[in-house]
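Q: got a structure for you, letters missing:
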């Protein structure tokens, strides 16, 4: 029993001594850790805590003897005051390790202010929002510049001039005595102007510069040559009565083609082209003789129908000469379309008031052609009910200068033109 008690007491003394020795060491360690900004709390602090826990805990087997022995515990003084590094005492391995105290009961040095354990940075690191991946900029693929394929220049195929070009163009006896000229436009106030359906075109009035002007205007009308003339119609007579004879429009018709297309000569020349060529030659000769000339058509097309041509001549000229080629193919010669001797027709105005003038001009034209050596067909005069004579208020003659087989060379047409001038001179006495 004594041995056991002695062993217990020795153990208690040993533990107390170790507790007293370790207490300043633990406080020193805590102060050192606090001075170093609390950067290291590792094995040393855990060792101090373990030692402090150990000194505060009762032994595993308390007895009455142990209690009595504690009352007789001598006051122990440290043998020496540590001046340098504290002495670390190793706890025997066979000593029971006390149960760890709660972490909030750690004993600190009362002489030093407790160093607040630095709290970890409470600023929560916000989870950065994922940066939206920028949409790739859609690079517009440049459209290929459409290189416009140049359209081939349309070379206008010139309309073949039906009139054959002669090797040498004979000129009139003298240069044309052409002075000034003026354009004649349509006047809707003219008598019978309301019977026309095509009248947007114009004519040209040429004044002679001859030394002895006659102050007479001759209208030269190259037959045909109006685009669209076959698709519209005009009244055959101003009063709307039917035709009394046939021709390009049959007898009994009330309406006639505004302007027919004409025939085609055997060499392929259109009647419109042949009459235009002849009209230009006749114009030059008339100017030389001192006449003024109203040219109804000077190109392949004039927008004036047969009624408009006649009405314009009535108001500008002193006589009206229309040029045509017959559709026969025998080269039968020249003839004039004279007024039809039908009572109803002769009693219709303006034929009633002017048919004698038409007949006189027709006779002069045939006489002049004969004197000029022209071939004349039959008597040279045949009766027709034509739009031209039906609307004319001045002397008017529609002349078939030849047919499809006639000579339309330049020299041949100059001969015809000379013969026509002779007829006009005969009519005007001079």
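A: All right, it came through fine. These figures come from a predicted structure and were not determined experimentally.
Q: Tell me which helix or strand residue 20 sits in.
A: Residue 20 belongs to helix 2-35 when elements are defined using DSSP states H and E.
Q: Over to residue 207?
A: Going by DSSP H and E, residue 207 is in strand 203-208.
Q: Specify the next element, helix or strand, located C-terminal of that strand.
A: Counting by DSSP H and E, the element after strand 203-208 in chain order, helix or strand, is strand 217-222.
Q: May I have the strands that pair with that following strand, each with its orientation?
A: Its sheet considered, strand 217-222 pairs with strand 292-295 (parallel), strand 319-326 (parallel) by DSSP bridges.
Q: after the last one comes which helix or strand?
A: Next in sequence after strand 319-326, counting helices and strands by DSSP H and E, comes strand 334-339.
Q: who does that following strand pair up with?
A: Strand 334-339 has the following sheet partners, assigned by DSSP bridges: strand 376-384 (parallel), strand 396-403 (antiparallel).
Q: Backbone dihedrals for the nearest residue to residue 423 once chain neighbours are set aside, please?
A: Among residues not flanking residue 423 along the chain, residue 368 sits closest, at 2.8 Å (Cβ to Cβ, 6 or more residues apart in numbering). No exception for glycine: its C-beta is placed from N, CA and C like everyone else's. When read as degrees, to the nearest 10, the backbone of residue 368 gives phi -60, psi -40.
Q: wait, doesn't residue 368 sit right on residue 416?
A: No: assessed by Cβ atoms under 8 Å, residue 368 is found out of contact with residue 416, at 11.0 Å.
Q: So between these two, which is more surrounded?
A: Using other Cβ atoms under 10 Å as the criterion, residue 368 and residue 416 rank with residue 416 on top: 23 against 20.
Q: where does the protein have low pLDDT?
A: 1-2, 22-175 (pLDDT under 70).
Q: Okay, helices next: where are they in it?
A: For the chain, helices defined by DSSP state H occupy the ranges 2-35, 43-56, 64-71, 271-288, 306-316, 343-346, 351-371, 387-391, 410-427.
Q: export those helices to a markdown table and tack on distance to residue 244?
A: A markdown table is the format used below for these (distance: least, Cβ to Cβ, whole Å):
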| stretch | distance to residue 244 |
| --- | --- |
| helix 2-35 | 147 |
| helix 43-56 | 148 |
| helix 64-71 | 173 |
| helix 271-288 | 25 |
| helix 306-316 | 17 |
| helix 343-346 | 5 |
| helix 351-371 | 10 |
| helix 387-391 | 10 |
| helix 410-427 | 26 |
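Q: Any idea which of these gets closest to residue 324?
A: Nearest of these to residue 324, taken as Cβ to Cβ: helix 271-288 at 6.5 Å.
Q: Now the closest one: buried residues?
A: By neighbour count, with 16 or more other Cβ atoms under 10 Å as the criterion, the buried positions of helix 271-288 are 271-279, 281-288.
Q: Contact partners for the spatially closest residue to residue 366 that is not a sequence neighbour?
A: Distances taken as Cβ to Cβ, 6+ apart place residue 380 nearest to residue 366, at 3.7 Å, with adjacent residues excluded. Shown in contact with residue 380 (Cβ atoms under 8 Å, 6 or more residues apart in numbering): 334, 335, 336, 366, 369, 370.
Q: Surely residue 226 touches residue 303?
A: Yes: look at residue 226 against residue 303 with Cβ under 8 Å: they come within range, at 6.3 Å.
Q: what touches both of the two?
A: Residues touching both residue 226 and residue 303 (Cβ under 8 Å, 6+ apart) are 198, 201.
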